[in-house]
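Trainee: Got a predicted structure here, sequence first:
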Amino acid sequence: MPNPPDLAALIESPLARDREAGSMQRQLHERLKRAILDGGLAPGSRLPGSRALAEALAISRNTVTAAYEHLAAEGYVQPDRQGTRVTELSSPAATTTKRSRKTTGSPATAHRLADIQPRTAFTEPDATFRPGVPALSHFPMAAWRRALDRAIRTASPATLGYGDPLGEPRLRAAIARHLAIARGVRCEPRQVVIAEGAQEAISLCVRLLSNPGETGWIEDPGYRGAKSAMRAGDMHMVPIRVDAEGLHASAEDWQKHPPRLIYTTPSHQYPAGAVLSIARRLALIAEARRHGAWIIEDDYDSEFRHTGEPIGAMQGLVPDAPVLYIGTFSKTMFPSLRLGFLVLPEALLAGVQAPLEEMLRGGHRHEQLAMADFIESGQFGRHLGRMRRLYRDRQQALRLALTRHLKVPHAIDGGYCGLHLTVRLPPRFDDRRIAAEALRHHLAPVALSSFALQPLPADNGLVLGYGNTSAELFEPLVKRLSQLARAAERQGP
């Protein structure tokens, strides 16, 4: 029986003899496998005997035998008494024609993914004015390296395992002590759960406490990561407007859209910068209790209060508040550390501990032990003090540069805290166009309107991060922004 044309060409084509092409066995295996997948070797067709193929290709018979055995182990061929035959594949690639690809379309994904697309392009970490990035060049790398060295040197081989799913007990205890002093948070170490940043902590809250279709309140404009977490949990999101006193939930909101979860940034609203007033905090807690809702308090950068003492956490205002407190070391340390934490209310512990231990796997144990050492040794507190002074000076310098050099009508929001300022612009200045053009000049402000689920004309402006941008750059950078803003001005009819 003559060989099929494809098989004849397969045999007549010599194998490469250089190292870069790989071993003879590997080349032959890949050649036969590709011919089977592409349909050149049809199901049921018989491969040449190992001796004949070895002679045709001028290679060792053992090489051919090993390649055939490998194909058989993968299921491409089946040896029998008559030789080696190609297996009948259930859905070979050769059956997928151009016509069928057009009719079947792309593989299906979850519908929710369409709503979780990023609204801004990824920017380089050192791009100026990028919000949320701390002063990386001022981080005490030597002190952190020493903490890591101590953690690795003193740890037992057991720390190479997964560890406690809820986090290293030493770090959880250090965080609980720090939060009690610095943020007024009421908690025991067993209430602290270590997460990979604030984003995972928010996602955990959604997964633990909500069911698909339940309502989640989100600040508007507000943090996009919280929206993504609620969308991924198939929650029904209701945007609640913010004003000069933060989240403004009316009696009508409670009546028409009673929430299961309420996400808020009370100590420094992101991105508008307002502080949630004490009256609204107490009212929010009281109404949440009455409606059986949970509040997610994201305290992402309140350590950096530039005037007076830091605003205390809402979680510690009253005993047994229905508040899940979230914090992160991405702003106080550095983003790639990927360490955050969640403080669970005492009332939730019994119901969520077992699921959490199944959902989480632990890990990053040496980094967690180093972070505990960094806090316990006082290095963390000293670093916060230095950064607080640096960011205070940078915010003052940015305010001055905006006042002097932003030659378009504007208003500055942001309070006196954190790592960013928000500059509101009249609607005729297209904030998204300005932000897109700014990226071409290595500037990374974010359009304020992109933070809103239901943008209003007032939600037009730029969010400017000053944490990782040197103060001496502010004047030329603001001048460039001013030029870009004037170029993006919409002309009247």
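Mentor: Yep, it's here.
Trainee: Okay, now the sheet partners of the one helix or strand residue 464 maps to, with direction.
Mentor: For residue 464, the element it lies in under DSSP states H and E is strand 461-465. With DSSP bridges as the test, strand 461-465 is paired with strand 420-424 (antiparallel), strand 446-447 (antiparallel).
Trainee: Rebuild those as CSV, extending it with distance to residue 430, mean neighbour count and mean pLDDT.
Mentor: Backbone N, C-alpha and C define where each C-beta goes, glycine included. Below are the strands paired with strand 461-465 laid out as CSV (distance: least, CB to CB, whole Å; neighbours: other CB atoms under 10 Å; pLDDT from 0 to 100):
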stretch, distance to residue 430, mean neighbour count, mean pLDDT
strand 420-424, 14, 24, 96
strand 446-447, 9, 26, 96
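Trainee: Nearest residue to the middle of the chain?
Mentor: The centre of the chain sits closest to residue 199, judged by CA atoms, centre = their mean, with a distance of 6.0 Å.
Trainee: quick one, what contacts the closest residue to that residue other than its chain neighbours?
Mentor: Nearest non-adjacent residue to residue 199, counting by CB to CB, 6 or more residues apart in numbering: residue 225, 4.9 Å away. Contacts were defined as CB atoms under 8 Å, 6 or more residues apart in numbering; by that measure residue 225 touches 198-199, 202.
Trainee: how far away is the residue lying closest to residue 417 once chain neighbours are set aside from residue 70?
Mentor: Leaving aside its sequence neighbours, residue 417 sits nearest to residue 268 (CB to CB, 6+ apart; 4.4 Å). Distance, residue 268 to residue 70, by CB to CB, to the nearest Å: 60 Å.
Trainee: Comparing these two, which residue is more hemmed in?
Mentor: The residue with more neighbours, out of residue 268 and residue 70, is residue 268; 29 against 17, by other CB atoms under 10 Å.
Trainee: isn't there a helix covering the more buried one?
Mentor: No - assigned with DSSP: H, G, I helix; E, B strand; the rest coil, residue 268 falls outside any helix and is coil.
Trainee: was I right about it contacting residue 419?
Mentor: No - between residue 268 and residue 419 there is no contact under CB atoms under 8 Å: 9.4 Å.
Trainee: What residues sit buried inside stretch 163-179?
Mentor: Of the residues in stretch 163-179, 163, 165-168, 170-176, 178-179 count as buried by neighbour count, 16 or more other CB atoms under 10 Å.
Trainee: Including secondary structure, pLDDT and distance to residue 406, could the residues you listed go into CSV?
Mentor: As requested, the buried residues of stretch 163-179 are arranged in CSV below (DSSP: H, G, I helix; E, B strand; the rest coil; pLDDT from 0 to 100; distance: CB to CB, whole Å):
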residue, secondary structure, pLDDT, distance to residue 406
163, coil, 91, 50
165, coil, 94, 49
166, coil, 95, 47
167, coil, 95, 44
168, coil, 96, 46
170, helix, 97, 48
171, helix, 97, 43
172, helix, 97, 45
173, helix, 98, 47
174, helix, 98, 43
175, helix, 97, 40
176, helix, 97, 44
178, helix, 96, 38
179, helix, 96, 38
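Trainee: got CSV for the residues you listed, with distance to residue 382 too?
Mentor: Formatted as CSV, the buried residues of stretch 163-179 follow (distance: CB to CB, whole Å):
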residue, distance to residue 382
163, 28
165, 32
166, 28
167, 24
168, 22
170, 20
171, 18
172, 22
173, 20
174, 15
175, 17
176, 20
178, 13
179, 18
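Trainee: Low-confidence bits of the chain, can you list those?
Mentor: Low-confidence segments of the chain (pLDDT under 70): 1-12, 90-109, 112-113, 115-125, 491-493.
Trainee: Skip ahead from the top strand by length along it and say which helix or strand is next.
Mentor: Criterion DSSP state E: the longest strand present in the chain is strand 236-243. Note on strand 236-243: by DSSP H and E, the next helix or strand toward the C-terminus is strand 246-247.
Trainee: Touching that following strand from outside, list them.
Mentor: So strand 246-247 is contacted by 217, 219, 240, 262, 264, 266, 269, 274-277, 280, 284 (CB under 8 Å, 6+ apart).
Trainee: filter those residues to the buried ones?
Mentor: 217, 219, 240, 262, 264, 266, 269, 274-276, 280, 284.
Trainee: of all these, which two lie farthest apart?
Mentor: 217 and 275 (18.4 Å; CB to CB).
Trainee: if we can go back for a sec, now tabulate the buried ones among the contacts of strand 246-247 in TSV and tack on distance to residue 488 and secondary structure.
Mentor: Formatted as TSV, these follow (distance: CB to CB, whole Å; DSSP: H, G, I helix; E, B strand; the rest coil):
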residue	distance to residue 488	secondary structure
217	33	strand
219	26	strand
240	30	strand
262	35	strand
264	32	strand
266	33	coil
269	26	coil
274	26	coil
275	31	coil
276	33	coil
280	35	helix
284	38	helix
